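Student: sequence and predicted structure are below.
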Amino acid sequence: EAEVAQSPRYKITEKSQAVAFWCDPISGHATLYWYRQILGQGPELLVQFQDESVVDDSQLPKDRFSAERLKGVDSTLKIQPAELGDSAMYLCASSPPPRPSGNTIYFGEGSWLTVV
Amino acid sequence: GENVEQHPSTLSVQEGDSAVIKCTYSDSASNYFPWYKQELGKRPQLIIDIRSNVGEKKDQRIAVTLNKTAKHFSLHITETQPEDSAVYFCAASLDTGRRALTFGSGTRLQVQP
């Protein structure tokens, strides 16, 4: 069964350093999402892509976060500089083209970030 | 934007009992309501979903009900088992494929053997 791939799974970085996460969605999934999940809370959307275009980045802290999906396939989420409050799990998800039966999204395993 | 509220935040039941988790949403345009189960350190896994054209959906021991007028939906787990222990999240979105899910804050379910 195809899965959303993410790397790295775990990252420890020092405050003020840069960190990047990579995501490869399920083949054929045009929509890609980056969510952030702080321990004990629900996932919160950071950015949504449709192919290579950003659909929603209203909750992305643009002073330090950036995301790209240059060829409309895999995606990178970058944080620079990292702050202590960025410690969380970063979840990538993808969904297939819209269809009458609905639109399930599929999550990757997540990338755990600890900022020290 | 959409706002989803979920309660209770924690729920402890005895094995074999039923568990009910409730969510409310704010955007009357939302028409897709999935439920996810998340075990410690793992990704959220879809367990059941419902769309606004139905009021109830059941899959073995799990059922979800939707009241669009009141803008609330609920997850019902019957005959709970220890392996049901996890955090459960409800979510809502406009099911066009172009609107991301908005999640509730989660319910930690503990099933006591």
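Tutor: That came in fine, so what should we check first? Note that the structure is a prediction, hence the values are computed from the model and not measured. Numbers count the residues shown, from 1 in each chain, chains lettered A, B, ... in the order given.
Student: got any ranges where the chain has weak pLDDT?
Tutor: Just going to use chain A. Along chain A, the model assigns pLDDT under 70 to residues A:99-103.
Student: chain B, not that one
Tutor: Low-confidence segments of chain B, defined by pLDDT under 70: B:95-98.
Student: what parts of it come near chain A?
Tutor: B:1, B:6, B:32, B:34, B:42-46, B:49, B:51, B:89, B:91, B:93, B:95-98, B:100-106 (C-beta under 8 Å from any C-beta of the partner chain). (Each C-beta comes from the backbone N, C-alpha and C, glycine too.)
Student: just the buried subset of those residues, please.
Tutor: B:6, B:32, B:34, B:43-44, B:49, B:89, B:91, B:93, B:95, B:97, B:100-106 (16 or more other C-beta atoms under 10 Å in any protein chain shown).
Student: check the secondary structure at the residue in chain A positioned nearest to chain B for me.
Tutor: Chain B sits closest to A:Pro98 of chain A, with a gap of 3.1 Å, by C-beta to the nearest C-beta. Following DSSP: H, G, I helix; E, B strand; the rest coil, A:Pro98 is assigned to coil.
Student: report the separation between it and A:Arg69.
Tutor: 18 Å (C-beta to C-beta, to the nearest Å).
Student: those two - which one has more neighbours?
Tutor: It is A:Arg69, of A:Pro98 and A:Arg69, that has more neighbours when counted by other C-beta atoms under 10 Å in any protein chain shown, with 21 against 14.
Student: show me where the chain has strands.
Tutor: Answering for chain A, as no chain was given. A:5-7, A:10-13, A:19-24, A:31-37, A:44-50, A:53-56, A:65-68, A:75-79, A:88-95, A:106-107, A:111-115 (DSSP state E).
Student: meant chain B actually
Tutor: With DSSP E as the criterion, chain B has strands at B:4-7, B:10-14, B:19-25, B:32-38, B:45-51, B:56-59, B:62-67, B:72-77, B:86-92, B:102-103, B:107-112.
Student: quick one: closest of those to A:Leu113.
Tutor: strand B:32-38 (17.4 Å; C-beta to C-beta).
Student: most centrally placed residue in chain A?
Tutor: A:Trp34 (2.6 Å; C-alpha atoms, centre = their mean).
Student: nothing else from me, thank you.
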